[in-house]
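A.B. asks: Mind looking at a prediction? Sequence and model below.
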Amino acid sequence: MITLKEALSLSKDELNKFKKELQTKIEANKDLNAYIDINDFGEGIPIAIKDNIQVKEWSVTSASKILQGYIAPYNATVINKLLDAGLSPFGRTNMDEFAMGSTTETSYYGKTLNPVNSDCVPGGSSGGSAAAVGAGLAIAALGSDTGGSIRQPAAYCGIVGMKPTYGRVSRYGLGAYASSLDQIGPMTQNVEDAAILYDIISGSDEKDSTNAMMDDKVSDKLNAERKLTIAVLPKYIENASEDIKEAYAKAIEALKAQGHTIVEKEMMDAKYDISAYYITATAEATTNLGRYDGIRYGNRVEGANLEETYYKTRSEGFGDEVKRRILLGNFVLSSGYYEAYYVKAQKTRHLIKDEYAKIFNEVDLILSPVAPSVAPKFGELANPMEMYLSDIYTISVNLAGLPALSLPVMKNKDGMPVGLQLIANAYDEQTLFDGSLSLEKEIAYK
Ligand code: GLN
């Protein structure tokens, strides 16, 4: 598959020829279920879009039954930025319903398969975007990351996935899951493409009140030769699988070979991250999903009166995982429990932020696993709790609002990709991409 960088220099004829081939390839790989829908290919370079990002006049559903029939009335800011840069959204990729999940199994449209091994999950919630890029069915894609949903599927499918600093990329037109955590980001074949796509979609936007209003760019300044200080976390990785530990050791060697300085650091027990995240995310999700009442958006199931209409619409429109999150969110926000859960989670969030800040006083980047193992097989995660626990390495990054990039480091004995992530200080995307490029160069993942 050609890279985004290469695609940007194709002539019109070459691009048209490429689009025809791509269309044929997508047809031939329908079984993967990476795409929910293929729309008009448009004029520009085709790019795949997660089904929670609005493209004007297209259906957008967050892979939920409750949004069937909803047509986006306007473009998300990132879509306008893509169009301005000569890229055309052409396909909506599959995802976990409302981006809640780690496997893309909760989609109303059925599960997506991992392109490396179809018995395995592609990860989630941006599993469709990761599978599309991993299978060569897209040059690049957009995903969204609330607690790992770009980085983890990228790691499972052997591609690059990047979560920007909170506020770098406008959330205007993104279906909200947990507003203080959500960020849109690039999913690409390599680090340089991620930097190019990040430059295109990031920047100031008055339509998003949490936007950082910063417009500095990274891709024309990429420098893999910079010598950085990188923290590794020997204790933190103790519970990861042997594959992850092996990749971690390999990456440390590669970083040393590139001339970086490695220092050992410790972080507090990541079990607190899980609690703080699942309280914060479900509390915000409950609030955000309140708007899907059958009156204003999408699907409606008529009842005898308004209350029954709400009840029936939401009962039939939401899937089990979404309902579980709504119940959890209402619980942690309810009077009597608010102080015990929600307030405590916010305090823990501050501790996590402070801990990162302390480490970034001394280092440029942190090397961390993305997930505790390679992509599990379908059905391998026995219950929701096990799924939540598998987010252990990604969610603190969202709680602290930091940028991070997941890239493939090796394949295990079964040929499954193993990804790791580099984490940078807030707004230091330049260092994140420079360090990632240097690691990618040294390990040469095939
Ligand atoms: N797996 C996490 C969750 O279910 C993260 C999802 C995401 O980043 N959108 O909440």
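C.D. replies: All right, it came through fine. Numbering: from 1, shown residues only.
A.B. asks: Mind checking what secondary structure Gly161 has?
C.D. replies: strand (DSSP: H, G, I helix; E, B strand; the rest coil).
A.B. asks: Who's the closest spatial neighbour of it, skipping the chain neighbours?
C.D. replies: Ala154 (2.7 Å; CB to CB, 6 or more residues apart in numbering). For the C-beta atoms, the positions are set from N, CA and C on the backbone; glycine is no exception.
A.B. asks: how about Met410, secondary structure?
C.D. replies: Put simply, Met410 is strand when judged by three-state DSSP.
A.B. asks: who's it bridged to?
C.D. replies: Val418 (DSSP bridges).
A.B. asks: how near is it to the ligand?
C.D. replies: 24 Å (CB to the nearest ligand atom, to the nearest Å).
A.B. asks: Also Tyr297?
C.D. replies: Distance from Tyr297 to the ligand, by CB to the nearest ligand atom: 20 Å.
A.B. asks: Asp51 is in contact with Ala34, isn't it?
C.D. replies: No - applying CB atoms under 8 Å as the test, Asp51 and Ala34 come out as separate, 11.3 Å apart.
A.B. asks: Which helix or strand contains the residue nearest to Gly161?
C.D. replies: Ala154 belongs to helix 151-157 when assigned by DSSP states H and E.
A.B. asks: Buried residues, stretch 38-56. List them.
C.D. replies: 38-39, 41-42, 44-56 (16 or more other CB atoms under 10 Å).
A.B. asks: Next, name the residue at the spatial heart of the chain.
C.D. replies: Centrality entry for the chain: nearest residue to the mean C-alpha point is Ile150, 1.9 Å, by CA atoms, centre = their mean.
A.B. asks: residues contacting it?
C.D. replies: Counting by CB atoms under 8 Å, 6 or more residues apart in numbering, Ile150 touches Ser126, Ser129, Gly143, Ser144, Gly161, Met162, Lys163, Gly185, Met187, Ser406.
A.B. asks: again, only using 6 Å
C.D. replies: Ser126, Gly143, Gly161, Lys163, Gly185 (CB atoms under 6 Å, 6 or more residues apart in numbering).
A.B. asks: Please produce a markdown table containing these, extended by neighbour count and distance to the ligand.
C.D. replies: Shown next, in a markdown table, are those (neighbours: other CB atoms under 10 Å; distance: CB to the nearest ligand atom, whole Å):
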| residue | neighbour count | distance to the ligand |
| --- | --- | --- |
| Ser126 | 38 | 7 |
| Gly143 | 33 | 9 |
| Gly161 | 35 | 11 |
| Lys163 | 35 | 9 |
| Gly185 | 29 | 10 |
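A.B. asks: can you name the two of these that are farthest apart?
C.D. replies: Pairwise distances across the contacts of Ile150 (CB to CB) peak at 10.4 Å, for the pair Ser126 and Lys163.
A.B. asks: Not counting the helix or strand of the chain with the lowest mean pLDDT itself, show me its contacts.
C.D. replies: Lowest on mean pLDDT, DSSP states H and E among the helices and strands of the chain sits helix 384-389, with a mean of 92. Helix 384-389 is contacted by residues Ser102, Tyr278, Leu381 when judged by CB under 6 Å, 6+ apart.
A.B. asks: I'm done for today, thanks for sticking with me.
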